[in-house]
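Trainee: Requesting a structural model of the entry that follows:
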Amino acid sequence: MNVRRSAAALAASAVLCVGVAPAALADTAPPASPSAPPVIPSGLYGKEDPMYDGVWRQSFALLAQDTVGLKPAAQAVDWLVGQQCANGSFPAFRADATKDCDATAYIDSNATAAAVQTLTALGGHGDSVKKAVAWLKSVQNEDGGWSSNPGGAMDSGTDANSTAIVISALTAAGEKPAETKSKAGKTPYEALLSFQLGCTAEPATDRGAFAYQPVDGKLLANGDATAAAVLAGLGTGPAVVPSGTDTPAAAPTCPAAGTVDPAAAAQAAAGHLAEALKKDGHLTAVTPGSDQPTPDTGNTVDAVIALAAAGHKQSAAGALEWLKANSAEWSKGKPAALGTLVLAAHATGTDPKSFGGTDLVAALNATGPAPQGPDTEATPVKDDSSDSKNLWWIIGACGAAGVGIGILLSGRRKKNQL
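Mentor: Sure, this is the predicted structure:
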């Protein structure tokens with residue numbers, strides 16, 4: 001599903017590149033120095049360097065626990081809340097939360113949106129959520145969308161991933177994205193749908209897909225952006241309530257030109273994802289230095305969640321079975337990966353405690369502070385699948401420098417730690 005690369009590789013390429021793409025694609029950010037292992041704060045899930053994904057992975061770990069009825073550890077929730085800056089934003093990570101955020105902090109719309117959704121689900125953090133939402137609105141671009149690093153050194157303009165996850169965050173927080181207009185009068189949906197491939201796209205199977213950003217003026221199908229757009233268009237997110245009904249996704253199509261219909265756009269995008277999964281049962285990506293596609297496990301998980309949200313679990317069934325057989329090593333010890341798999345299992349009505357022989361919940365809990373136990377105060381979630389409203393969410397370097405930078409540091413820091 002996409003080319004989400006290591007933020008560390010991106011940072012290096014942004015500084016050093018002279019028309020050359022990053023030389024390597026890493027699954028995790030490197031330690032602060034070759035000789036010193038990363039210092040993992042108390043309360044944070046995961047043992048790998050959190051510099052580029054701390055808030056993101058914590059948000060997904062806590063969201064997954066909440067979704068399966070567990071009450072997260074207080075210190076884990078406190079760590080997440082403590083990452084928020086005074087202006088309401090969340091950085092990707094800040095090591096010393098006692099100091100104010102400064103110009104060195106990578107302020108991240110994706111991390112902020114993920115935190116909004118998690119803290120809303122957990123409840124009791126209304127002030128933090130309100131401040132974060134206010135900040136997100138304050139950095140909305142004139143076209144109605146968002147970049148991953150608003151106003152920062154890595155701001156490459158509006159991208160589909162960041163815009164989609166912010167839409168999901170606004171919805172989760174009780175806002176109305178269709179009424180969240182920029183200074184130029186544009187809505188987030190107008191920005192998001194501008195990245196959707198139309199009826200003239202070739203191959204025809206790409207019609208309805210979403211691009212991350214244009215490359216040389218052309219929209220290229222991107223699985224990560226497509227899955228995120230499905231959730232945003234449906235007003236939902238990864239904590240999908242399993243639906244009692246199921247239909248196969250329609251063949252790849254495209255919404256009518258000139259319309260802004262998020263739900264129709266989401267269904268068109270779902271058709272593309274279903275078609276893309278048919279060949280191998282998973283999505284693929286081409287890594288730098290190779291011309292051979294390899295399985296893209298992270299974005300396959302995203303596609304399963306998106307198809308379940310759209311009411312097409314049977315179209316995701318093959319990919320779900322592939323994940324059961326092939327995701328164990330990929331997700332080992334990684335809270336965002338494990339959390340996303342838990343959410344995929346939940347969305348499809350699958351037992352996350354018996355997922356291809358793995359107890360995903362136990363594996364996730366082992367990466368950080370033990371949950372307090374079952375959440376006896378949790379309110380049962382109503383199945384609103386009939387109207388597709390679950391009110392949730394949770395998905396050439398220099399020649400196209402803006403696009404490359406955005407992809408590497410963008411929405412959904414998963415690939416930095418998945």
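Trainee: Next, the contact list for the spatially closest residue to Ala74 that is not a sequence neighbour, please.
Mentor: Using Cβ to Cβ, 6 or more residues apart in numbering and skipping the chain neighbours, the partner closest in space to Ala74 is Gln372 (7.0 Å). Where you see a C-beta, it was placed from the backbone N, CA and C, and this is true even at glycine. Gln372 makes contact with Leu70, Lys71, Pro72, Ala73, Ala74, according to Cβ atoms under 8 Å, 6 or more residues apart in numbering.
Trainee: from those residues, which single one is nearest Ala184?
Mentor: Nearest to Ala184, judged by Cβ to Cβ, of those is Pro72 at 39.8 Å.
Trainee: re the thing from before, helices - which of the contacts of Gln372 land there?
Mentor: Ala74 (DSSP state H).
Trainee: between the contacts of Gln372, which is nearest Gly151?
Mentor: Ranked by distance to Gly151 (Cβ to Cβ), these are led by Pro72 at 31.6 Å.
Trainee: out of the contacts of Gln372, which are buried?
Mentor: Among those, the ones that count as buried by 16 or more other Cβ atoms under 10 Å are Leu70, Lys71, Pro72, Ala73.
Trainee: Would you mind checking which of those residues is nearest to Trp135?
Mentor: Distances from Trp135 to the buried ones among the contacts of Gln372, taken by Cβ to Cβ, are shortest for Pro72, at 23.7 Å.
Trainee: ok, the closest one - contacts?
Mentor: By Cβ under 8 Å, 6+ apart, the contact list for Pro72 reads Ala61, Leu62, Gln65, Asp66, Leu122, Pro369, Pro371, Gln372.
Trainee: Next, format these as JSON lines and append distance to Ala328 and secondary structure.
Mentor: Listed next are those as JSON lines, based on distance: Cβ to Cβ, whole Å; DSSP: H, G, I helix; E, B strand; the rest coil:
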{"residue": "Ala61", "distance to Ala328": "18", "secondary structure": "helix"}
{"residue": "Leu62", "distance to Ala328": "22", "secondary structure": "helix"}
{"residue": "Gln65", "distance to Ala328": "20", "secondary structure": "helix"}
{"residue": "Asp66", "distance to Ala328": "24", "secondary structure": "helix"}
{"residue": "Leu122", "distance to Ala328": "28", "secondary structure": "helix"}
{"residue": "Pro369", "distance to Ala328": "23", "secondary structure": "coil"}
{"residue": "Pro371", "distance to Ala328": "22", "secondary structure": "coil"}
{"residue": "Gln372", "distance to Ala328": "27", "secondary structure": "coil"}
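Trainee: When you compare pLDDT across these, which one is lowest?
Mentor: On pLDDT alone, Gln372 ranks lowest of the contacts of Pro72, at 94.
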